[in-house]
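Participant: give me the fold of what follows.
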Amino acid sequence: MKPEPFARPEWTPVPRPGCRGVEVRVIQHEPEVLLAQLRFAADATIDEHAAEWDIDVACLEGRGFVSVAGEAYPLEAGQRIVWPAGVPHRLWTEGEPMTTLMLEYLPPGV
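Facilitator: Numbers count the residues shown, from 1 in each chain. The predicted structure follows:
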């Protein structure tokens, strides 16, 4: 089987209310998985919320911060964290941009 071309996705602002300075580029969206890159400006945030599914977050470049169930941690290039389903989480930057890769394990029908 040889490689196939695919549409190169564009960066668009994250449409979620409470988010600022974050752009998303969806790489792959299948029935049970969503793979996307997120690009954070130097002072950007994704508000605290909980998802109904697990999400893996890997920092590709830069540095930011993550909170899970109210506990905050620095997140740097080469590090990853899992947001468990139903647990409040947040991701933000302070003075430095960051790029992450998110893998969302979607339940059927989402």
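Participant: from here on, just use CA atoms for contacts and neighbour counts.
Facilitator: Will do.
Participant: which SS state does residue 46 fall under?
Facilitator: strand (DSSP: H, G, I helix; E, B strand; the rest coil).
Participant: quick one: residues contacting it.
Facilitator: 18-20, 22, 90-92 (CA atoms under 8 Å, 6 or more residues apart in numbering).
Participant: just the buried ones among those, please.
Facilitator: By neighbour count, with 16 or more other CA atoms under 10 Å, the contacts of residue 46 hold 19-20, 22, 90-92 as buried.
Participant: strands - which of the residues you listed land there?
Facilitator: 20, 22, 90-92 (DSSP state E).
Participant: could the contacts of residue 46 be laid out in JSON lines, adding distance to residue 82 and pLDDT?
Facilitator: Listed next are these as JSON lines, based on distance: CA to CA, whole Å; pLDDT from 0 to 100:
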{"residue": "18", "distance to residue 82": "21", "pLDDT": "89"}
{"residue": "19", "distance to residue 82": "20", "pLDDT": "94"}
{"residue": "20", "distance to residue 82": "22", "pLDDT": "96"}
{"residue": "22", "distance to residue 82": "19", "pLDDT": "98"}
{"residue": "90", "distance to residue 82": "12", "pLDDT": "96"}
{"residue": "91", "distance to residue 82": "12", "pLDDT": "97"}
{"residue": "92", "distance to residue 82": "15", "pLDDT": "98"}
